[in-house]
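A.B. asks: need a structure here:
(chains A, B, C and D)
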Number of protein chains: 2
Amino acid sequence: MDIRHFRYFVTIAETGNITKAAERLGMEQPPLSQQIRRLESSLGVSLFRRQPRGVSLTEAGLTLLPHARLILDLRRQFIEDAHGLAQGKKGHLRIGLAGAVPLLPSIPFAIRQFSNISPGVTLSLEESNTPALCEALLSYRMDITILRPPVPDQANVRVIPLLDEPTLIALPKGHPFTDLPEIHLSRLAAEPLIIFPRELGPGFFDAILAAYRDAGITPSLGQQAPQIAGTIPLVAAGLGVSIVPQSLHQLHTGGVTFHKIARPAPHATLAIGIRMGEQPPLIHHFISVLQQACKTHLELPA
Amino acid sequence: MDIRHFRYFVTIAETGNITKAAERLGMEQPPLSQQIRRLESSLGVSLFRRQPRGVSLTEAGLTLLPHARLILDLRRQFIEDAHGLAQGKKGHLRIGLAGAVPLLPSIPFAIRQFSNISPGVTLSLEESNTPALCEALLSYRMDITILRPPVPDQANVRVIPLLDEPTLIALPKGHPFTDLPEIHLSRLAAEPLIIFPRELGPGFFDAILAAYRDAGITPSLGQQAPQIAGTIPLVAAGLGVSIVPQSLHQLHTGGVTFHKIARPAPHATLAIGIRMGEQPPLIHHFISVLQQACKTHLELPA
DNA sequence: TAACCCCATATATTTTATATATGGCTTATG
DNA sequence: CATAAGCCATATATAAAATATATGGGGTTA
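C.D. replies: The predicted model follows:
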């Protein structure tokens, strides 16, 4: 017994007439008679009483009719849901964010905006480091990520550049350079550099070291912090200085001051990461909103 | 999209492997691949990700899976309900009762017993007169009736005798005959007979008049009561006497006393009425219970 | 009594789903 | 590194199913 049989059943019940029901169903009368008989015999009950003027529901038919209608409704809803999912109007998006990304105003702004535009979509957010994000992406535990390029070579992750964030120097309070309008990296040669470990964020790590090299010095690597924001307390503790994305200046941790870097300064690049070759509407929409937000929201004062 | 597609969908989701799913479904792999692809294209979404080790659900598939399961469950339930209805284990029975029938202990007893035996069956009861019961039966507003034969000639009602109930004479309190152990009808010649109108109960009416005739007298017809039980207040009001089914003595209306009738006494016959040529299990069961109850419950003291 | 309406049956046709055979791709294994 | 095995996709052929057409029977209405 198919869905079709339910439709036949309900239509005949509504018209009370097999011939008219066949017409409404866009078919001829004999096959409809035949199918409804087959349905009845497979169920073991008569659904209709054959009468001279047409047919009427038996008690069993009367009882079963609402069930049949329910099933048809659910099927309709199933199809509609599927279409909604296809168009990205419904669904769920698992978003992975690299460290400290939520501190960038554009990102939470974009997320809020997206969930306003697409109320049928639920979101889940998770913060992690870039390699872990890539792996989660590829194992389908996440759908889209905002990460710090580059990604591991073999990773089938498509990287879409999103924005370049300036970096700031984080100095412990009372440091002699605190008064300078901007600081050239070369002056930091003597300070231990507290940095986010390379294996957890090679892009950011390399950018900083390249800038040091361009400034003609080699940093003395100090302690490593497991998260980008984790460098701040270490600086505050006087263990060294750090180069951090600009957005971290929002962390109002006492004991640390943030300072402009004289050119050439490293940048913290953020990019969108999605699975290679995959771009469902849902993800496409979200990317559009993200890009728009980063463009208009032009990243903030220093 | 058929029910079949839902089964395919769910089974593949459960095995994570089209080949194994095909095996479980008792079919080959290619048609299953083909059908699931057809389903996906008709829905416009990918339900599965084709992977080297098998397939895994996409987010859309994950979302839709419980819906598909629900539809399958409802279909299963639909079929089970249909079978239940076919066997008379489920359903609804609309029962029509002639006037004063509920006063017979056997009837409510049988009804209670039936609803204990068949908890899946709901019952509705309605009390009316015999011609109206027949009409309700034939227009499918009732499924089974307990009526007082005979039924109108042209009525396609099958009548199954159920029981013969003795009748009693109803006298106003203080009537001279009150002290007699039993009363012969001939002694009522002078009393106006209050009776249920012939058009609403020809069988009962004719039985009473035949008894009068056998007793050698002709009753002087008094007022008519629209219901059998309605004769009692009229007797109490002193408007005459009445012949009523024995079960009415249960009505403890003051002002009336009930008395045995000396032979030959009229009988009030009760019968089951169902549509001609129709005997679904539900009705069959109910009839059995009724007949059993009337046999064992041997009708009461006078 | 004739005409009409409606459902059932029979046969032919078409559509549809299925099985068989095969190829490509990826992952385990010697 | 090569070979084998597992899994899905495609193509073709076969089988099954639903459908349309044609027709007949029962019952009601004019």
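A.B. asks: isn't residue A:19 right up against residue A:29?
C.D. replies: Yes: Residue A:19 lies in contact with residue A:29 (CB atoms under 8 Å); the separation is 4.8 Å. Any C-beta I mention is one placed from the backbone N, CA and C, and that applies to glycine too.
A.B. asks: and chain A, which of its residues are near DNA strand C?
C.D. replies: When proximity is defined by CB under 7 Å from any atom of the strand, chain A lies next to DNA strand C at A:17-20, A:29-30, A:33-34, A:36-37, A:50, A:52-55.
A.B. asks: ranges for the helices of the stretch 151-300 of chain A?
C.D. replies: A:202-214, A:231-236, A:281-296 (DSSP state H, counting those that start in this stretch).
A.B. asks: tell me the helices and strands packed up against the shortest one.
C.D. replies: Which is helix A:231-236. strand A:157-172, strand A:192-195, strand A:241-245, strand A:256-261 (3 or more CB pairs under 8 Å, 6 or more residues apart in numbering or on different chains; DSSP states H and E).
A.B. asks: and the angle for the last one with strand A:241-245?
C.D. replies: Yep, that's strand A:256-261 we're talking about. 70 degrees (axes from the mean of the first three to the mean of the last three CA atoms, to 10 degrees).
A.B. asks: contacts for strand A:256-261?
C.D. replies: A:166-173, A:175, A:177-178, A:180-185, A:211, A:232, A:235-236, A:243-244, A:246, A:248-249, A:302 (CB atoms under 8 Å, 6 or more residues apart in numbering or on different chains).
A.B. asks: try the second one
C.D. replies: Identification of contacts with strand A:192-195 by CB under 8 Å, 6+ apart yields A:205, A:208, A:212, A:219-225, A:231, A:234-235, A:239-243.
A.B. asks: any idea how far the residue nearest the centre of chain A is from residue A:178?
C.D. replies: In chain A, the residue lying closest to the centroid (CA atoms, centre = their mean) is residue A:95, at 3.4 Å. In this view, residue A:95 and residue A:178 are 37 Å apart by CB to CB, to the nearest Å.
A.B. asks: re the thing from before, need the winner for burial among the helices of the stretch 151-300 of chain A.
C.D. replies: The highest mean neighbour count among those, using mean count of other CB atoms under 10 Å in any protein chain shown, belongs to helix A:231-236: a mean of 22.
A.B. asks: then that one to PDB, C-alphas only?
C.D. replies: Taking Å, rounded to 0.1, in the frame of the first residue of the first chain, the C-alpha atoms of helix A:231-236 are listed here in PDB:
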ATOM      1  CA  THR A 231      48.800  35.000  26.000                       C
ATOM      2  CA  ILE A 232      47.400  38.100  27.800                       C
ATOM      3  CA  PRO A 233      47.700  36.800  31.400                       C
ATOM      4  CA  LEU A 234      51.200  35.700  30.700                       C
ATOM      5  CA  VAL A 235      52.100  39.200  29.500                       C
ATOM      6  CA  ALA A 236      50.400  40.600  32.600                       C
END
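A.B. asks: contacting residues around residue A:97?
C.D. replies: A:107, A:125-128, A:133, A:145-146.
A.B. asks: re the thing from before, closest one to residue A:62 among the helices of the stretch 151-300 of chain A?
C.D. replies: Nearest to residue A:62, of all those, is helix A:281-296, at 43.6 Å by CB to CB.
A.B. asks: now that closest one - C-alpha only, CSV.
C.D. replies: C-alpha atoms of helix A:281-296 as CSV (Å, rounded to 0.1, in the frame of the first residue of the first chain):
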residue,chain,number,x,y,z
PRO,A,281,22.5,27.4,0.1
LEU,A,282,22.6,27.5,3.9
ILE,A,283,26.4,27.9,3.9
HIS,A,284,26.3,30.2,0.9
HIS,A,285,23.9,32.5,2.7
PHE,A,286,26.0,32.5,5.8
ILE,A,287,29.1,33.3,3.9
SER,A,288,27.4,36.2,2.1
VAL,A,289,26.2,37.6,5.4
LEU,A,290,29.7,37.3,6.9
GLN,A,291,31.4,39.0,4.0
GLN,A,292,28.9,41.8,4.0
ALA,A,293,29.3,42.3,7.7
CYS,A,294,33.1,42.4,7.4
LYS,A,295,33.0,44.8,4.5
THR,A,296,30.5,47.3,6.0
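A.B. asks: output the contacting helices and strands for it.
C.D. replies: strand A:91-97, helix A:106-117, strand A:144-147, strand A:157-172, strand A:267-275.
A.B. asks: for the residue lying closest to residue A:282 once chain neighbours are set aside, helix, strand, or coil?
C.D. replies: Closest residue to residue A:282 apart from its sequence neighbours, by CB to CB, 6 or more residues apart in numbering or on different chains: residue A:88 at 3.6 Å. When classified by DSSP: H, G, I helix; E, B strand; the rest coil, residue A:88 comes out as coil.
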